[in-house]
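S.K.: no sequence for this one, just the structure:
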């Protein structure tokens, strides 16, 4: 039952859970003094080689519905088990009769705190396979010819990679929306919707011939011989929704032909105006069309957009080119007339998609903004994917788009119809979740009155999730009175129940039960300190700061971060009052100030020089990626390559730059290979063709960068640059400016960063002085 120790030494481990504090304070007052909130980062369906999959229904507590776990007390003679959450005594069913202390079922093994149950789906007393995944592609045609060709080429490759049974639909749009009837092969048949008019789901279905008057098809049909059901309800050949959604194997040729004939939007554009692009109406039509599909079928609306919406609901800017697209300054001054209306529109669209269990994925490729900041609410509610790139011909888009449809070990493991439920020990309440999910408004005794993110509930909906999806759960210690002295079994328990439909159509339930230790009020700080996970804490604080920047008007993130860091150092540092030189910090906290220094300088806090779309994109990925990936976003990793030594981690500092070194920077969104002046000279002179050592030195960072890129989604941008070159800025912007134009005499041998930002050393000196002041 030493789960905290396992969690610390093996990071996520089989549980897929990491916490800011692995030893919890016992009362609300003590928890508030800890500064860093009690929170857990959970990857609900993270794969693990030791994960056991059981082919039967889980055994649940009859009072609180918690599932049998290794932390339940079991009486093998009386055949009962005691729930660790509500202490209810439950009887084992007859099929557990052979169980004994030496013959345990898998769910009672201490080494399996996470376990998965898979059960067949039943309807009308017979087993059937769930519906196939639906991919409804929505393509923007208001682009230049070259960009449209890149997008069409990517779509053709994607359709060729889809499973034969996957259902495919296609919508194109520009000034108007065209829904293509793929089931009508004789000629090209299209349903057109006006782009300037808001349209409801019922209106879409009625105009497409799928409304109630025609007869809605909402369930799978079965073959007489007991074979697999058709993916969608069908009342006859070419009738119903399968006029628009066909299996990939049946429509690949017709769709490729359609894409070949598809051209750019021909609607005339007046001089000095933007093109009329009705992205909002196109998504409304797509959501309405999918509303006629079965609820059990996982569906992705895959939007490929190449510019801002200027027509109809969801518009983010006027058609007049003299009006710029909104900036952060405009949003702060409430000078973005389209922003609030567009956010409200996408919020309502997100609610509709959640009710249908469908996902919105956005692939935006444009030099200008396209409206990711407004779409963010719908993307996060539905658990969608988002990729932002400069062009549909760029490797960031092409490789990322291909990754969605790949199978095998590099598959994203896309799953659907997920629901997360949390059960807690007494005195623990759930404040909410920051991440890709939607509250199901399920009340319970463990719902906190304080709300963070998606709160006021014990259950959340995840329309789309994959093996890297990560959620941050915030907890509240509800006990305000001094508790009794803690006994030897002073453990708290939290159970995460994730039901979902896997990519192969199976319905599964992942049960993860974790235990942590209560720390008595009277004990010293050591127990608390030893359970602190500074990497998780840094990511949780970053996510919380980003959330507050979006929801609290006038929120000063840098000031908030500074205050919390000073309070934390005052609480857990060792020092004499008013003596900065005496200040020391426990090794469990030693890297946290450095994380905060880099967070203050990151794109999550400093939005200057980033558009609202870029900021929204960065925050979407910060909220959904694992702790290790999110930590790299905050504090990039740097590896040094040289003749005299093996590749080794280097300080994220300007002093790491040297003429005879190659540096590899991983900031998650971009990978930078930086050559020192000497190395660049050797490469330009062609020394690698004559000297194997030079060739290997130049190749090593390329190979490592390729490994990073291969396993990451979205695919990062690769930048290869030289010292003093223009693209060296991608590296210099992330380094600690220990050598600037103000102190060149102190670091004569180092490169210089032209900035007024303070260095890490100056930051730490100020922190120590403020932490010890009385």
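M.R.: Arrived safely, thanks for sending. The structure displayed is predicted, hence computed values, not measured ones.
S.K.: separation between the most centrally placed residue in the chain and residue 287?
M.R.: By C-alpha atoms, centre = their mean, the chain has its centre lying nearest to residue 624, at 1.8 Å. For residue 624, the distance to residue 287 (C-beta to C-beta, to the nearest Å) stands at 21 Å. Where C-beta positions appear, they are placed from N, C-alpha and C, glycine not excepted.
S.K.: ok so, going back, isn't the residue nearest to the centre of the chain up against residue 437?
M.R.: No. Residue 624 lies out of contact with residue 437 (C-beta atoms under 8 Å); the separation is 10.0 Å.
S.K.: So residue 159 is in contact with residue 252, correct?
M.R.: Yes. Applying C-beta under 8 Å, one finds residue 159 in contact with residue 252, separated by 5.5 Å.
S.K.: Need the per-residue pLDDT for residue 711.
M.R.: Note for residue 711: predicted pLDDT of 88.
S.K.: Not counting sequence-adjacent ones, nearest residue to residue 738?
M.R.: Once flanking residues are discounted, residue 738 sits nearest to residue 759: 4.6 Å by C-beta to C-beta, 6 or more residues apart in numbering.
S.K.: End to end on stretch 55-72, go ahead and measure it.
M.R.: Criterion C-alpha to C-alpha, to the nearest Å; first-to-last residue distance in stretch 55-72 is 21 Å.
S.K.: what comes into contact with it?
M.R.: Outside stretch 55-72, the residues that touch it by C-beta atoms under 8 Å, 6 or more residues apart in numbering are 1, 81-86, 88, 90, 92-93, 96, 107-110, 112-113, 117-119, 423, 491, 493, 495, 497, 509, 511, 513, 515.
S.K.: And for stretch 445-458?
M.R.: Residues outside stretch 445-458 that contact it (C-beta under 8 Å, 6+ apart) are 421-424, 428-435, 437-444, 460, 472, 474-476, 478, 544, 547.
S.K.: Counting only strands, which of those residues make the cut?
M.R.: Members of these lying in strands (criterion: DSSP state E): 421-424, 428-434, 438-439, 460, 472, 474-476.
S.K.: buried subset of those?
M.R.: Neighbour counting with 16 or more other C-beta atoms under 10 Å marks 421-424, 428-434, 438-439, 460, 472, 474-476 as buried within the ones in strands among the contacts of stretch 445-458.
S.K.: shaky segments in the stretch 1-150 of the chain?
M.R.: Applying pLDDT under 70 to the stretch 1-150 of the chain flags the ranges 1-11, 120-131.
S.K.: For it, just list every one of the helices.
M.R.: Here the stretch 1-150 of the chain has its helices, by DSSP state H, counting those that start in this stretch, at 3-9, 28-33, 145-161.
S.K.: Same list (these) but as CSV, adding distance to residue 678.
M.R.: Converted to CSV, the helices of the stretch 1-150 of the chain look like this (distance: least, C-beta to C-beta, whole Å):
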stretch, distance to residue 678
helix 3-9, 42
helix 28-33, 53
helix 145-161, 39
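S.K.: Can you tell me which of the ones you listed is nearest to residue 75?
M.R.: Judged by C-beta to C-beta, the one of the helices of the stretch 1-150 of the chain that comes nearest to residue 75 is helix 3-9, at 22.8 Å.
S.K.: From what I see, residue 85 and residue 424 are in contact.
M.R.: Yes. Shown here, residue 85 and residue 424 form a contact pair, counting by C-beta under 8 Å, at 7.2 Å.
S.K.: intersection of neighbour lists for those two?
M.R.: Joint contacts of residue 85 and residue 424 (C-beta under 8 Å, 6+ apart) are 493, 495.
S.K.: Residues contacting stretch 631-650, please?
M.R.: With contacts defined as C-beta under 8 Å, 6+ apart, stretch 631-650 is touched by 535, 538-539, 542, 594-595, 598-599, 602, 604, 618, 621-622, 625, 651-652, 656, 658, 660-669, 693, 697, 700-701, 704, 734.
S.K.: which of these count as buried?
M.R.: Using 16+ other C-beta under 10 Å, the buried ones in those are 535, 538-539, 542, 594-595, 598-599, 602, 604, 618, 621-622, 625, 652, 656, 658, 661-669, 697, 700-701, 704, 734.
S.K.: Just the ones of these in helices?
M.R.: In this view, the buried ones among the contacts of stretch 631-650 that belong to helices under DSSP state H are 535, 538-539, 542, 594-595, 598-599, 618, 621-622, 697, 700-701, 704.
S.K.: just curious, which of those residues is nearest to residue 149?
M.R.: Among those, residue 621 lies closest to residue 149 (C-beta to C-beta), at 28.2 Å.
S.K.: who's in contact with that closest one?
M.R.: 386, 633, 668-669, 714.
S.K.: which residues touch residue 79?
M.R.: Residues in contact with residue 79 (C-beta under 8 Å, 6+ apart) are 91-92, 96-97, 99.
S.K.: hang on, the earlier thing: residue 571: which of the helices of the stretch 1-150 of the chain is closest?
M.R.: Among these, helix 28-33 comes nearest to residue 571, with 6.2 Å by C-beta to C-beta.
S.K.: chain center to the closest one: distance?
M.R.: Between the centre of helix 28-33 and the centre of its chain there are 30 Å (C-alpha atoms, centre = their mean, to the nearest Å).
S.K.: hang on, the earlier thing: and the residue nearest to residue 738, how far is that from residue 590?
M.R.: For residue 759 relative to residue 590 (C-beta to C-beta), the value is 18 Å.
S.K.: quick one, which of the two is more surrounded?
M.R.: Legend: neighbour count by other C-beta atoms under 10 Å for residue 759 and residue 590, higher for residue 759 (20 against 11).
S.K.: about what we covered before: contacting residues for the residue nearest to the centre of the chain?
M.R.: Counting by C-beta under 8 Å, 6+ apart, residue 624 has contacts 435-436, 468-470.
S.K.: and the least confident of those residues?
M.R.: Per-residue pLDDT puts residue 468 lowest of the contacts of residue 624, at 92.
S.K.: what sits against the closest residue to that one other than its chain neighbours?
M.R.: If you skip the residues right next to it in sequence, residue 468 has residue 626 as its closest partner in space, 5.9 Å away by C-beta to C-beta, 6+ apart. By C-beta under 8 Å, 6+ apart, the contact list for residue 626 reads 12, 41, 43, 46, 468, 470.
S.K.: And for the second one, the neighbour number?
M.R.: A total of 25 residues lie near residue 41 under the criterion other C-beta under 10 Å.
S.K.: Same question for residue 688.
M.R.: Close neighbours of residue 688, defined as other C-beta under 10 Å, add up to 16.
S.K.: and it, what are its phi and psi?
M.R.: Dihedral angles phi and psi of residue 688 (degrees, to the nearest 10) take the values phi -70, psi -20.
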